[in-house]
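Undergrad: pasting the structure only:
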């Protein structure tokens with residue numbers, strides 16, 4: 001019945017697989033096979049990272065800067081000398097030193113002048129008047145000595161006052177510089193600390209990057225996996241469905257020619 005029905009009404013043939021046709025040249029197919037074999041050996045495996053140094057580390061100039069900052073913190077070198085000078089300026093007023101300087105530059109010369117010049121003149125004056133040992137001569141010498149003592153006391157007082165005022169003025173003018181000196185090591189140490197932290201961070205990042213690079217999931221060969229798995233070496237050849245008209249169809253078409 002099937003064959004007779006197909007004769008009358010026509011028949012449809014199913015699609016047929018005819019075989020495969022190569023899509024790659026022989027050398028391409030060989031390369032694809034080699035690639036997949038290579039990838040199979042790389043799956044789940046890490047690769048060796050670069051063994052050399054990647055981050056630059058501390059440069060010679062930076063190391064010199066770190067050494068200088070360390071010297072500043074410890075009060076060494078020119079900075080330490082500057083600190084000592086500031087400490088002397090900001091220290092207590094040195095009355096003893098001022099007095100010693102005044103004695104050497106004022107008191108001793110004035111006394112020496114009185115002894116060498118003034119006292120002999122007084123004595124010669126009264127000796128000439130035959131009163132060298134009189135009470136008047138004694139009073140004249142005493143009065144002259146008291147004048148000398150008063151002059152010396154006044155001079156010392158003025159010297160002390162002037163020196164102390166100068167010391168206070170130097171202290172006032174040196175205070176901003178002293179504050180800058182005190183703050184400089186802190187700022188420099190902070191800057192040096194940041195730089196050292198950045199360098200250490202780069203070195204730690206280098207170690208992490210090397211570790212991550214060696215992990216199986218970061219194997220660079222995995223980037224070829226899509227190529228290896230999705231490249232087909234052949235394509236199937238399939239004949240599509242076909243329709244064979246039956247006798248009734250042919251008769252109908254023939255009759256349509258006469259209508």
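TA: Yep, it's here. The shown structure was predicted, so the numbers you read here are calculated from the model rather than taken from an experiment. Residues are numbered from 1 along each chain as shown.
Undergrad: Could you say which helix or strand holds residue 20?
TA: strand 16-22 (DSSP states H and E).
Undergrad: And residue 53, by the same measure?
TA: Using DSSP H and E, no helix or strand contains residue 53.
Undergrad: quick one, strands of this protein?
TA: Under the criterion DSSP state E, the chain contains strands at 11-13, 16-22, 234-239, 242-244.
Undergrad: how far away is residue 206 from residue 198?
TA: Residue 206 is 13 Å from residue 198, where distance means C-beta to C-beta, to the nearest Å. No exception for glycine: its C-beta is placed from N, CA and C like everyone else's.
Undergrad: out of these two, which sits in the busier spot?
TA: residue 206 (16 against 10; other C-beta atoms under 10 Å).
Undergrad: thinking the more buried one is in contact with residue 57, fair?
TA: No - with contact defined as C-beta atoms under 8 Å, residue 206 does not count as touching residue 57 (9.5 Å).
Undergrad: so how many other residues sit close to residue 65?
TA: 16.
Undergrad: so what's it up against?
TA: Taking C-beta atoms under 8 Å, 6 or more residues apart in numbering, we find residue 65 in contact with residue 192.
Undergrad: go again using 10 Å as the cut-off
TA: 58, 59, 188, 191, 192, 195 (C-beta atoms under 10 Å, 6 or more residues apart in numbering).
Undergrad: Run through the helices of this protein in chain order.
TA: With DSSP state H, the ranges of helices along the chain come out as 2-9, 26-42, 60-73, 77-90, 95-102, 108-113, 119-128, 135-213, 225-230, 247-255.
Undergrad: can the ones you listed go into CSV with extra columns for mean pLDDT and distance to residue 52?
TA: Shown next, in CSV, are the helices of the chain (pLDDT from 0 to 100; distance: least, C-beta to C-beta, whole Å):
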stretch, mean pLDDT, distance to residue 52
helix 2-9, 50, 79
helix 26-42, 78, 23
helix 60-73, 78, 19
helix 77-90, 63, 37
helix 95-102, 89, 64
helix 108-113, 91, 77
helix 119-128, 81, 93
helix 135-213, 82, 10
helix 225-230, 72, 29
helix 247-255, 49, 82
